[in-house]
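**Student:** missing the sequence, but the structure's below:
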């Protein structure tokens, strides 16, 4: 709808704005004319002053540049110039007169306090003195010292006027202050009268037009409103009827389709749950069983009627720690999902393993209405893993026996030394006893030597027996440095037999590692023995083996075994951990393969780097044992 009144108001505001701009330009033009008029008057008066004053005082004005201000103010010439200027401006609207030389020095001022001031930087002075052009500006002064004394609240035209000689050359500058207050007040009154007259005229016209336009606008609005109301009523009635028919048709169609979809989904879901290869249990929030599928019945032997309304604890075999149940209920009670494994008991008493996921079923407002448990029978997988661990343990034992067999010569040499000492000491004791003069004191040292060397031989044999014995794959938190130190005698014995040296570089402040001590020692011993034998094939006489531990950047515990041999070719580095791969004529190629499998079974990594200059590095990284907080052992089931 066309808004006539709004359009009229907008055009009226535009007219008022245009009128205001026009009045501003008119006032500005009048003020500019006033300034130009005052400037013309000041130019004429300046010429009169120049003709009267300049011939008498030009030499004085040109010669006082170096005099101090105080001296200037007391000169006789200043008083004479003041009297001459005052006489020449009598009856004229001149409030103040200043005279400057061409250097900008105030030689004279009707205000004695300003005599001697430097005005060389003033823009009006520069325009008059250098360019030879008058410069005027309209200013307002609250207070001003004039010929007649102090005057207040005056509108003044300040004019800088050049003083010219006969050849047109600028000789100095006059500054005249003309009082235009009466003239400017007259201009302001005229402008105000014009503005009020136009506003009165425009206001009356506007009032009449506003009343006419408002009445016309109201008439148009009433007519438009009547037409719109009738059209709206007709359109509303038609739309209401059409919408009712369409809504009813849509609702019936949607209800039929939704019912068919719900029935199909329900059948599909029911079949999927019932025929699922996973055991499914649904309980209420208190944990009472409301539904189990056929797979649950087949695995556990419990039919639905027998477990309906009971707690899933009927399957509890007592082999799951109470903390697990506490953690389970803590998670699902707050709407989170829980995953874990249970060792449960079937109806016939047999045990089975189940990998289970339990999640809450929420209502629309976020309230737990049921719990859904989905379990997978992983008993066969657990048995296979146990068999794999057993085979791995047997293989590791075989590897240790093989390693001891390869080190037999070194071990024999290591045992030969204490046995030789024992034999010699025994011969000494025997000879002393047969001679009949063997005193107790003389036999004390040989007997102590026999006992000491027997203990040493016993420790070597005990270490070998502990290393080669069969042991279940039992993990515990161990100190890697201590585990390596316990086999250091075997390593040194092997190195001496091959004319090599071995050193250890253990890092401090190590976290423990969850591992089987014997198997980790087997890996270190195997890598060290391989490194010692590799150095025998090299041309260098420097045969040195270094075993080092360190904390790696990824927060794992690192072990490195470095030999100074001739290195391994790059293309063979990828093959050395393959079963039955060997570079020894009499080797079977299982040592590195077994070591690689042991490290991976501990969740770690084993790899090698090598070059001809530095030899070969075997690197091991093992995860640190998790730091576990003590928990309350409460029955959360």
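**Tutor:** Received it, and whenever you're ready, just let me know what you need. In this text, all values refer to a predicted model and were calculated from it rather than measured experimentally. Numbers count the residues shown, from 1 in each chain.
**Student:** you'd agree residue 355 is in a strand?
**Tutor:** Yes - judged by DSSP: H, G, I helix; E, B strand; the rest coil, residue 355 forms part of a strand.
**Student:** didn't it look like it was pressed against residue 375?
**Tutor:** Yes - counting by Cβ atoms under 8 Å, residue 375 is a contact partner of residue 355 at 6.8 Å. C-beta coordinates here come from the backbone N, C-alpha and C atoms, glycine included.
**Student:** what about residue 287, distance to residue 314?
**Tutor:** Computed as Cβ to Cβ, to the nearest Å, the residue 287 to residue 314 distance reads 11 Å.
**Student:** and the closest residue to residue 504 other than its chain neighbours, what does it touch?
**Tutor:** Closest residue in space to residue 504, ignoring its immediate chain neighbours: residue 547 at 5.3 Å, by Cβ to Cβ, 6 or more residues apart in numbering. Residue 547 is in contact with 484, 491, 502, 503, 504, 505, 524, 528, 559, 560, 561, 562, counting by Cβ atoms under 8 Å, 6 or more residues apart in numbering.
**Student:** okay, and the beta partners of residue 547?
**Tutor:** On the basis of DSSP bridges, residue 547 takes part in beta bridges with residue 504, residue 561.
**Student:** what's the distance between it and residue 78?
**Tutor:** 109 Å.
**Student:** any idea which helix or strand of the chain has the worst average confidence?
**Tutor:** In the chain, the helix or strand scored least confidently by mean pLDDT, DSSP states H and E is helix 440-468, which has a mean of 59.
**Student:** longest strand in the chain, by residue count?
**Tutor:** strand 149-164 (DSSP state E).
**Student:** okay, now the domains of this protein?
**Tutor:** With domains defined by automatic domain parsing, the chain comprises 4-186, 279-377, 394-623.
**Student:** turn the ones you listed into CSV, columns for distance to residue 258.
**Tutor:** Output for these, formatted as CSV (distance: least, Cβ to Cβ, whole Å):
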stretch, distance to residue 258
domain 4-186, 52
domain 279-377, 17
domain 394-623, 52
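**Student:** least reliable of these by average pLDDT, please.
**Tutor:** Lowest mean pLDDT within the domains of the chain: domain 394-623, a mean of 75.
**Student:** which one of residue 355 and residue 375 has more residues nearby?
**Tutor:** Between residue 355 and residue 375, residue 375 has the larger neighbour count (other Cβ atoms under 10 Å), namely 25 against 16.
**Student:** do you have the strands of the stretch 451-600 of the chain handy? List them.
**Tutor:** Ranges of strands in the stretch 451-600 of the chain, per DSSP state E, counting those that start in this stretch, are 476-478, 501-505, 513-515, 544-551, 556-563.
**Student:** residue 329: which of the ones you listed is closest?
**Tutor:** strand 513-515 (27.8 Å; Cβ to Cβ).
**Student:** the stretch 1-150 of the chain: helices as residue ranges?
**Tutor:** 4-63, 69-73, 76-88, 123-129 (DSSP state H, counting those that start in this stretch).
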